[in-house]
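S.K.: sequence and predicted model, in that order:
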Amino acid sequence: MGMVFASITVAACLSVAAIIVWSDKNPARPIWPPLHFGWLARVATWSVTAIAIGAAYYAGQTSWNAWGWPDGIRWFIGFPLASVASSVSSFAIMKLGLDQSMGADRRLVTGGIFARTRNPTYTANIALCLGWILLAASWPAAISAGALATLYVFAVPFEERWLARTYGEAWSAYRARVKRWGL
């Protein structure tokens, strides 16, 4: 069953990647971020996100510790890493704003945690994926978390091109000042 959930995560990530590429190639008619933002965009964006992340959770939960890793690795490294990363990601989304995280408000956020890294949410989510792999210790968890982490890395250059088109010189100055991953 774990591989079914991992497959759902992979399919959701591939769908998001296709939307990102299509939107990049068609900036006058993007799917993400939409030109006109409303409830439909919110539902579509967060539904795919919930499906991908939820399936990744179930992929690990249904194959829990199939690798037989010791509790020390799983609970004293994986769990804290996943917990801290989840908190940082949530904090970054709150700083950015939920709608702004989907490109709705059309303002460039450069303060707070965004003054240290251009991608605090993606960086934290990649760490969360690693923590989940360590905690769940199974191939379905590794495949689903790996798909999510790959999507976060894949999305960055496309998102940065959109930011450059949208914010122009303000984006260029921010980009010159703040590192992509900020570590």
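M.R.: In hand now; what should we look at? Numbers count the residues shown, from 1 in each chain.
S.K.: quick one: contacts of stretch 6-23?
M.R.: Applying C-beta atoms under 8 Å, 6 or more residues apart in numbering, the external contacts of stretch 6-23 come out as 30-33, 48, 51-53, 55-56, 59, 139-141, 143-144, 147-148, 150-151, 154-155, 158-159, 162. No exception for glycine: its C-beta is placed from N, CA and C like everyone else's.
S.K.: drop anything exposed from those.
M.R.: Buried members of the contacts of stretch 6-23, scored by 16 or more other C-beta atoms under 10 Å, are 30-33, 48, 52-53, 55-56, 59, 139-141, 143-144, 147-148, 151, 155, 158-159, 162.
S.K.: taking those residues one by one, which sit in helices?
M.R.: 48, 52-53, 55-56, 59, 139-141, 143-144, 147-148, 151, 155, 158-159, 162 (DSSP state H).
S.K.: settle this for me: Arg161 is touching Pro30, isn't it.
M.R.: No - in this structure, Arg161 sits apart from Pro30 without contact. The criterion is C-beta atoms under 8 Å, and the distance is 11.2 Å.
S.K.: now for these two: what residues contact both?
M.R.: Here Arg161 and Pro30 share the contacting residues Asp24, scored by C-beta under 8 Å, 6+ apart.
S.K.: tell me what the strand or helix carrying Leu130 is packed against?
M.R.: Element membership of Leu130, judged by DSSP states H and E, is helix 120-136. In this structure, helix 120-136 makes packing contacts with helix 39-61, helix 79-96, helix 139-167, judged by 3 or more C-beta pairs under 8 Å, 6 or more residues apart in numbering; DSSP states H and E.
S.K.: okay, these, which one's buried deepest?
M.R.: Each of the helices and strands packed on helix 120-136 was scored by mean neighbour count; the highest is helix 139-167, a mean of 19, by mean count of other C-beta atoms under 10 Å.
S.K.: quick one: buried residues of the next helix or strand after that one?
M.R.: Downstream of helix 139-167, the first helix or strand assigned by DSSP H and E is helix 169-177. Neighbour-count burial for helix 169-177 flags Trp171, Tyr174 (criterion: 16+ other C-beta under 10 Å).
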